[in-house]
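1. Any chance you can model this:
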Amino acid sequence: MHCQYMQEEPSLRFQNVNLKMVPFRRNEGRCAINGEESSEDREERILAMLGIIGTVLNLLVVIFVYIYTTI
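-> So this is what the prediction gives:
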């Protein structure tokens, strides 16, 4: 006893969509006029680099402690 709706195969239609990724900047108009980047953008980049450096150092400490405790 098969139901009639179970015998139908589902069909999906996809439409091609062309997407263009562009960088998003909050102060794009201001930077374009002044020709320089704002101090807030520079501060964000410095904080991001400090976060990456801190993460790498933390990973090195974890590896060192793991090696030290297994010896």
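2. which sections of the protein are below the confidence cut-off?
-> Applying pLDDT under 70 to the chain flags the ranges 1-12, 14, 19, 24-37.
3. Quick one: residues contacting Thr55.
-> With C-beta atoms under 8 Å, 6 or more residues apart in numbering as the criterion, no residue contacts Thr55. Any C-beta I mention is one placed from the backbone N, CA and C, and that applies to glycine too.
4. how far away is it from Val61?
-> 11 Å (C-beta to C-beta, to the nearest Å).
5. go on, Glu44?
-> 26 Å.
6. Burial check on Glu40, number of neighbours?
-> 10 (other C-beta atoms under 10 Å).
7. quick one: secondary structure of it?
-> Of the three states, Glu40 takes helix under DSSP: H, G, I helix; E, B strand; the rest coil.
8. Now do the phi/psi pair for Gly51.
-> With angles defined as degrees, to the nearest 10, Gly51 sits at phi -60, psi -40.
9. burial of it, as a residue count?
-> Neighbours around Gly51, by other C-beta under 10 Å: 10.
10. and what of Asp41?
-> Applying other C-beta under 10 Å, we find 14 residues neighbouring Asp41.
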